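Q: build me a structure from this.
(one chain, ligands or ions: 1)
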Amino acid sequence: MQIITTHKNTDFDGFASVIAATVLYPGAIPVIPRNINPNVRSFLAIHKDLFQVRTVDEIDLDKVRSLVVVDVNQWHRLDDFRKLRGRPSLEVILWDHHPEKGDINANWVRHEAMGANITLMVRQMRLEKKALTPIQATLFLTGLHEDTGSFMFPCTRPEDAEAAAYLMAAGADVSVVGSLLRPAYGEKQKNVLFEMLQTGVRETINGYKVSFHQVDIEGHVGSLSVVAQMCREILNVDAVFGIFTGKKKGKAIVIGRSSPEGPNIGTLLRSLGGGGHPGAGSAMVDFVNPDTIQEMIRDLIEGNQQASVQVSDLMSFPVTTIAADAPMTELRKRLMEKGCTGLPVVDGERLVGVISRRDFRKVRKNKDLKSPVKAFMSRNVKTISPGKSPMQAARLMVKHDIGRLPVIEEDRIIGIVTRSDVMLYFYDMLPD
Ligand SMILES: [Mn+2]
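A: Residues are numbered from 1 along each chain as shown. Just a heads-up that it's a prediction; the model follows:
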């Protein structure tokens, strides 16, 4: 017997991959985890007759000769297949798109980093000229949209879009995709969201706008991560942390969501025993006072959260400066030579102001040109430290309508970062 399975808390990409495997491995039995996500569950409720799936309890594992694993590469993320693990005669076939390598050693592997696993399988079905029904195509396209965030997650590859085009041509219904992916948001979730909005505490930590929400929850409320995400979008902060208590005695669930330029949630929550991606994660914390949990998260953001790409990676140096005592004539010469519109003004190595071509307008008489630069410079200088993120630099530039920021370390100017440096970074053109 050949069976197909995928990861627990099965999402559409996992489920679509299981169904795709039934096309690629005719006769294989789809076995889905007992625990599947609510959207997939409601999909299955409607399409039960079309997809004859089973759970591991309905399978005689002694009869299994071949196991096809899709959209996962770690044993602990599967339902209980312990009996199979390590059986020498077992054939294992693995399809996975997660960049990290896992502990499932397979006899046959298709492992490529893609936005969605279903992309790999659609490519194979296409090669083998397998016919798809519109319902299959719709399901596969749903998996693609879910795992790539409708092609907006950074993991998205051109191959994902190619697979989507193929599925749409095969009759996938995009309006059905939209309704399948609608988050499970009902009365309970609405109440939690309202309470989150009312009880939130906003702080700026290490340059990030962060909001904490302690909510006591009665009974079971699903899709808290959806609620946390909505909360972040409404508040428009860099990161939101929901600290949910009362759901499981003695435990608190921490759910974090951040914007692409926010702190790395996965790293933060791993320190609390949980996990996740840069933008989303959760942790189950043994019950300590919610204030303590909040304090721990604050310390973590404060402490080791350095942006992965820092202003120091983008800045130009050495910087052309002008001494505060230099006459305006000298400034004019320097600007012409360098072909720039402004210069930082220094006293020794210390930054004391900025001066630009525009400041010549303040020069009234010819003899003013002999006056020192410091008489005309602007002393209100916005600066940035080298460890900040490109996004923080961009924000300062937008806020103060300036095109360049001196980079300051211990009062010394060590570089300058310009609008075009930041642009190049966002378009992924950072020099290696
Ligand atoms: Mn996936």
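
Q: not counting residues beside it along the chain, what's closest to the residue in the stretch 151-300 of the chain that the ion sits nearest to?
A: Across the stretch 151-300 of the chain, the shortest distance to the ion (CB to the ion) belongs to Cys155, at 9.5 Å. The C-beta positions use only the backbone N, C-alpha and C, and glycine is treated the same way. Of all residues not flanking Cys155 in the chain, Gly115 sits nearest, at 4.9 Å (CB to CB, 6 or more residues apart in numbering).

Q: what ranges of the stretch 151-300 of the chain fall below the confidence cut-off?
A: Applying pLDDT under 70 to the stretch 151-300 of the chain flags residues 183-184, 247-249, 287.

Q: how does it look with 80?
A: Along the stretch 151-300 of the chain, the parts satisfying pLDDT under 80 run over 182-186, 219-223, 246-250, 260-261, 275-278, 287-288.

Q: let me see the ranges of the strands in it.
A: Counting by DSSP state E, counting those that start in this stretch, the stretch 151-300 of the chain has strands at residues 201-205, 208-216, 239-245, 251-258, 275-276, 280-286.

Q: for the stretch 301-432 of the chain, same thing?
A: Using DSSP E, counting those that start in this stretch, strands in the stretch 301-432 of the chain cover 322-323, 342-347, 350-356, 404-409, 412-418.

Q: isn't Gln74 right up against Asp103?
A: Yes. If you go by CB atoms under 8 Å, Gln74 and Asp103 touch, sitting 5.7 Å apart.

Q: what does the stretch 51-200 of the chain have sitting close to the ion?
A: Residues of the stretch 51-200 of the chain lying close to the ion (CB under 5 Å from the ion) are Asp71, Asn117, Asp147.

Q: let's go with 6 Å and repeat that
A: With CB under 6 Å from the ion as the criterion, the stretch 51-200 of the chain meets the ion at residues Asp71, His97, Ala116, Asn117, Asp147.

Q: now the third one. Nearest residue, chain neighbours left out?
A: In other words, Ala116. Closest to Ala116 by CB to CB, 6+ apart is Asp147, at 3.7 Å.

Q: wait, that neighbour sits on Asn117?
A: Yes. The criterion here is CB under 8 Å, and Asp147 meets it with Asn117 at 7.2 Å.

Q: any idea how far Met328 is from the residue of the chain most remote from its centre?
A: The outermost residue of the chain relative to its centre, with distances by CA atoms, centre = their mean, is Lys367 at 57.9 Å. With distances taken as CB to CB, to the nearest Å, Lys367 is found 10 Å from Met328.

Q: got it, and Pro406?
A: Distance of Pro406 to Met328, given as CB to CB: 20 Å.

Q: still on that earlier bit, neighbour count for Gln74 and Asp103, which is higher?
A: Gln74 (15 against 9; other CB atoms under 10 Å).

Q: please enumerate the helices of the protein.
A: 12-24, 38-47, 117-127, 134-148, 158-169, 174-180, 187-199, 224-235, 265-270, 290-304, 311-314, 328-338, 390-400, 419-426 (DSSP state H).

Q: fine by me, thanks again.
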